[in-house]
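# Here is a sequence with its predicted model. Questions after.
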Amino acid sequence: MVGTTALTAAGILVCLVTALLPGPEAEVGADVAAPAATRAEATPSTPTSTSTPASPSTPTSPAPPTDSSHAAATATAAVGSTTAAPQPPAKATPQAASGTEPSAGRIQPGTTYKGVATAYAAGDGNGACLFGPSDDLMVAAMNTTDYEASRACGAYVRVRAASGASITVRITNECPLPCAPGQLDLSEQAFAKLADPKLGRIPITWSLLSPRTSGTISVRYKTGSSPHWCGIQVIDHRNPVARLEVRTTKGWRRLPRTEYNYFLAADGSGCGGAMRITDIYGEQLTVDGAALLPNVAQPTRVQFAPH
């Protein structure tokens, strides 16, 4: 009996010790927490788009113009007597295929802006956008804020005065400070169609247009362009241009845009090859066969759709 009692007491003691030891639940909890931390560390960051522009280096070709005021553009942009090259083949692609959808920037379609109109002597219609002389002088300089480092270049805007008179002008120039956001500095000829030039300053509203035209887009390489460095400009586009890409051995590469309205390939990558032009509505036009001819406006067979 004594032996049986001793064995029973020993068994109870063993059970008590076992109950006080950490159970399998604690160990499992530790194992679950560790993989969660590991997944958080291993989560990949958002990949960089292949169309993201590389940081442009300082070009070794002739320095770009520094005049962003109303002064006439320099001779580097003038087409003058230069003969255009044969019309390059081109094709249109309806939807953007690389990167995110382009933004319209500050000037949004379907939006009416308020501001004032002033007037300036536009000369031959050339300006900071470096398009060259204009066939007509229904042009305007956009205030620096809405000019947005040349994004407004080539945009058509409908301008209305309080009297009800309205005109359509093309943005070819920049109006520097103190021009305020919303302000348009119209050519004297354009201002005169809205109000008496003696007024000098009138309240207006304006909005972006996508006019009908029978013309097609042209492209031009900047003076000094070569296989080692080039600047590319888009001319006579119906809608504002949001992006320009060139085809390289690694695929399409988006070029950074300058304040003087050229897209630069500072290392020469893609110069002389196919280019892809996207407007603010996301439509893409692909141009093949544009020769690397500096300061020559080369017509294409394509144009953005009206909106």
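Great, that's in hand.

# Surely Gly273 touches Gly251?
No: applying C-beta atoms under 8 Å as the test, Gly273 and Gly251 come out as separate, 11.6 Å apart. Quick note: C-beta positions are derived from backbone N, CA and C, even for glycine.

# More neighbours: these two, which one.
The residue with more neighbours, out of Gly273 and Gly251, is Gly273; 18 against 10, by other C-beta atoms under 10 Å.

# Which residues are in contact with the more buried one?
Val246, Arg247, Thr248 (C-beta atoms under 8 Å, 6 or more residues apart in numbering).

# show me where pLDDT drops low in the stretch 1-150 of the chain?
Across the stretch 1-150 of the chain, residues meeting the criterion (pLDDT under 70) sit at 1-102.

# before we move on, what about the stretch 201-307 of the chain?
In the stretch 201-307 of the chain, no residues with pLDDT under 70.

# Now do the helices in this protein.
Ranges of helices in the chain, per DSSP state H, are 2-20, 24-42, 144-147, 188-192.

# Pull the residues that contact the shortest one.
Right, helix 144-147. 68, 106-107, 113, 128, 152-153, 171, 174-177, 179-182.

# Next, the buried residues of that helix.
For helix 144-147, the neighbour count (16 or more other C-beta atoms under 10 Å) marks Thr144, Asp146, Tyr147 as buried.

# Tell me the spacing between the last one and Cys230.
Going back to what we said before, that points to Tyr147. 24 Å (C-beta to C-beta, to the nearest Å).

# Cys179 too?
32 Å.

# more crowded one of those two?
Neighbour totals were compared for Cys179 and Cys230, and Cys230 leads with 27 against 21 (other C-beta under 10 Å).

# End to end on stretch 283-296, go ahead and measure it.
With C-alpha to C-alpha, to the nearest Å as the measure, stretch 283-296 spans 25 Å from end to end.

# again, but for stretch 104-119
Stretch 104-119: ends 26 Å apart by C-alpha to C-alpha.
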